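Participant: Compute the structure for the input listed below.
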Amino acid sequence: MKTHYRVLRVAAYCRVSTKQEEQLNSYENQVQHYTERINSENGWTLEGIYADKGISGTSVKNRDEFNRMIRRCKQGKIDMIITKSIARFARNTVDCLKYVRLLNDLGVDVYFEEQGIHSKQPGAEFYITIYGSIAQSESENISANIKWGKAQAAREGKVVFRYKNFLGYRKGEDGQPEIVPEEAETIRFIYDRFLAGDSLKGIAKLLEEKGIKSPTGKAEWQFSTIQSILSNERYKGDAIINKTYITDCISKKVRVNNGERPKYYVGNSHPAIIDSSTFGRVQEELARRSGKRKISRKAKTEQGKYSSKYALTELLVCGECKSAYRRCTWTASGKKKIVWRCINRIEYAKKYCHNSPSVEESVLQRAVMAAIMETANQNAEVLRTLKTHIGMGLAGEKSEDNSIDLQIRIAEIDAEFKKMLDRVSTDTIEAFDEETATRLMNEKSRLQQQLDSIADAEQRRENAKSRLDDIYTILDGIKNRPMEYDDQIVRQLLECVVVDSKEQITVIFKGGLKSVQPLTE
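Facilitator: Next up is the predicted model:
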C-alpha cells in the first residue's frame, strides 16, 4: 500500500529594525538562510519569504510584509511559519499573543528557531508570553536610552533639523542648515503680507496666483501651513527642542508637549530668515487676531473673526459707547450709499447708544487720509522729536537687566548639582542630600522665570521700536505726495479712529500721536 505524505507549505518571516549596513547584511543573510533551510527539508515546500526592512517590531501597523503573510494564512495558502525568534516576530507582547492565537485558529504553526518552540505545542503560549515580555522590555530599555540621549543633546543645545517639507532651509555641505534663497523670499513675502493686514486666506490665494508651491510641493496652500510658518521660531534663527513627544515605544503616539517633558530654547542655532523684531510683531498680531471677541449679538460663537477686507472694520470705534462700527449699504431713491454705523445702534437702536452718527464712507476716508497727510507733512524735526520722546519712554520702561548675574547663578547651581550626582556615583545613594537638591532646583526654577521675564520685556521693547521705525518711514515716504485712501497704509499706521460726533473724528496713530479731523462733505 502506497503512503501519501502531506507536503507542508512553509513560509519564513524575517525582519531587521534599522537600515544600517550591518543590519541590511543580516537581512540578506536571513533570506538566504531560510530559502536554503526550507528547500532542504523533506516534506516542506517554500511558500515564500516575507521580510520587512528598517521596520520596528513594536507594532505591526507598518510591517507590510508581515501583514501580507497574515492575509496569505487567512486564504489557506500557508501551513507553517518559521522565524528566527519571538523578538523578530514581535516586540509587543499583546501583538505577539494575538497573532499566534489567530494563526493557531487558522491551523498555522509558528516555529521560533532560537527558542525551539512550536506554537501548537502544549504550554507553548506560556513560554511565548515570557519571551515576548522579555523582547518588549528590551524595546522599552532601548527607547529609554534613545530618549535619554535626545534629552542630553537638548540640554547641550544640539538642534536636529528636519529638512523634509520645511520651506526655507536645506542641509549644507558642512551638515548645518543653510538658507535656500528663493524659498526664503517666499517666507519673507508671507511675513510681509501678514503684517500688511492680509488674512491667511488672502496670503494663500496670493501664493497660488504667483505659482509658488507649498512645502509639500502642492499648488494649493493650506491655512494651517501659513500659520505654522508665521509661528515657527526657526525662521528667526532659534529653536525650541521637545515641542512634541512620543508617549511610549509601543503605541508611538505623538503628543504636543504642554509641560509633560522639559523644553529647551536654543538661540541663534542657525542663520535667520526673519529678524527678531519682525517675528515678535507677527506673534503679537497672531495673538491679537486670535483673541478677537465677537462684537455682534448675531455672531454664532464668542470668537470674533478677523477681517482683512476693510481696515476700518478693525479700527473704527464709537466715541459714545466704544463699540465697533460696521460697514453698511443704504439704499434711498434707488441709489446705494456706503456708510459706517455703530453696531449698538444697528442692533439695539438707542437702547445703549443715543447719539452716534452714521458716517458716509467717502467722507470718513477723506478725513482719515487728511490726518495721515497732515502728520506726514509736519516739520521733519517735529517727527524726529516725537520719535525720540516715544523711544525715551520705551527705554524708561526698561527694568534693571541683571540677566548676566542670573545666568551665572544658574550655571553655579548646575555645577553644584552635578557635584552632588558625582558623589552619589562614587559613594552611596545615602550621600545624596535630597533637601539641598530640592532647594537648588526650586531656586533655579525661580531664576529661570526671572530670566524669561527679562527676555520677554526686551522683545516687546524691540517690537515697539520696530513698529515706530516703520510708522515714521511710511510717513516720511508720503510727505508732499497726495494719496488716495489706502487700507494697507491705514492698517500699518493707525491704532484706532474714534467717531467723536457727526462733525469730527480723532485719528490715533500707533505710538500715541493724535490728529483731530473734521468730517466734511
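Participant: tell me what the strand or helix carrying Lys419 is packed against?
Facilitator: In the assignment (DSSP states H and E), Lys419 maps to helix 403-426. For helix 403-426, the elements it packs on are helix 434-477, judged by 3 or more Cβ pairs under 8 Å, 6 or more residues apart in numbering; DSSP states H and E. Every residue, glycine included, has its C-beta placed from N, CA and C.
Participant: The helix it packs on - what's its average pLDDT?
Facilitator: Helix 434-477 shows a mean pLDDT of 72.
Participant: if we can go back for a sec, could I get the buried residue list for the helix holding Lys419?
Facilitator: By neighbour count with 16 or more other Cβ atoms under 10 Å, helix 403-426 contains the buried residues 406, 410, 413.
Participant: Put the alpha carbons of it into CSV.
Facilitator: Output of helix 403-426 as CSV, limited to C-alpha atoms (Å, rounded to 0.1, in the frame of the first residue of the first chain):
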residue,chain,number,x,y,z
SER,A,403,20.4,88.7,33.3
ILE,A,404,24.1,88.1,33.4
ASP,A,405,24.0,87.6,37.2
LEU,A,406,21.1,85.3,36.8
GLN,A,407,22.8,83.2,34.2
ILE,A,408,26.0,82.9,36.4
ARG,A,409,23.9,81.8,39.4
ILE,A,410,22.1,79.2,37.2
ALA,A,411,25.4,77.8,36.0
GLU,A,412,26.6,77.6,39.6
ILE,A,413,23.5,75.7,40.6
ASP,A,414,24.0,73.3,37.7
ALA,A,415,27.7,72.7,38.7
GLU,A,416,26.7,72.2,42.4
PHE,A,417,24.0,69.7,41.4
LYS,A,418,26.5,67.8,39.2
LYS,A,419,28.9,67.5,42.1
MET,A,420,26.1,66.0,44.2
LEU,A,421,25.4,63.4,41.5
ASP,A,422,29.1,62.6,41.1
ARG,A,423,29.4,62.0,44.9
VAL,A,424,26.4,59.5,44.6
SER,A,425,28.1,57.6,41.7
THR,A,426,31.4,57.3,43.7
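Participant: contacts for that helix?
Facilitator: The set of residues external to helix 403-426 that reach it, using Cβ atoms under 8 Å, 6 or more residues apart in numbering, is 431-433, 436-437, 440-441, 443-444, 447-448, 450-451, 454-455.
Participant: follow-up on the earlier one: can you redo the buried residues of helix 403-426 as CSV with distance to Pro271 and pLDDT?
Facilitator: Shown next, in CSV, are the buried residues of helix 403-426 (distance: Cβ to Cβ, whole Å; pLDDT from 0 to 100):
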residue, distance to Pro271, pLDDT
Leu406, 28, 77
Ile410, 27, 78
Ile413, 32, 79
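Participant: Which one of those is nearest to Val490?
Facilitator: Set against Val490, the nearest of those by Cβ to Cβ is Leu406 (42.5 Å).
Participant: And that closest one, how close does it get to Phe194?
Facilitator: Noted for Leu406: a distance of 34 Å to Phe194, by Cβ to Cβ, to the nearest Å.
Participant: where's Arg101, which helix or strand?
Facilitator: Short version, using DSSP H and E: Arg101 is in helix 93-105.
Participant: Name the SS class of Gly202, please.
Facilitator: Put simply, Gly202 is helix when judged by DSSP: H, G, I helix; E, B strand; the rest coil.
Participant: Arg193 is in contact with that one, correct?
Facilitator: Yes. Using Cβ atoms under 8 Å, Gly202 makes contact with Arg193 at a distance of 7.3 Å.
Participant: Compare those two (neighbour count), which wins?
Facilitator: Neighbours per residue (other Cβ atoms under 10 Å) separate Gly202 from Arg193, with Arg193 holding more: 19 against 16.
Participant: That one: what's its closest spatial neighbour, skipping adjacent residues?
Facilitator: Distances taken as Cβ to Cβ, 6 or more residues apart in numbering put Ile203 closest to Arg193, at 5.0 Å, once the chain neighbours are dropped.
Participant: now do Pro357
Facilitator: Lys502 is the one closest to Pro357 (Cβ to Cβ, 6+ apart), at 3.7 Å.
Participant: Number of residues surrounding the one you found?
Facilitator: For Lys502, the count of nearby residues is 12 (other Cβ under 10 Å).
Participant: Could you find the closest non-adjacent residue to Val100?
Facilitator: Ser119 (5.0 Å).
Participant: List the contacts of the one you found.
Facilitator: By Cβ under 8 Å, 6+ apart, the residues touching Ser119 are 100, 103-104, 109-112, 125, 128.
Participant: Walking through the stretch 151-300 of the chain, point out its strands one by one.
Facilitator: 169-171, 177-179, 239-241, 244-246, 254-256, 264-266 (DSSP state E, counting those that start in this stretch).
Participant: model confidence over the last one, on average?
Facilitator: Per-residue pLDDT values over strand 264-266 give a mean of 72.
Participant: ok, now the first one?
Facilitator: In this model, strand 169-171 carries a mean pLDDT of 91.
Participant: Which residues does it contact?
Facilitator: For strand 169-171, the surrounding residues in contact (Cβ under 8 Å, 6+ apart) are 161, 163, 177-180, 183, 234, 270.
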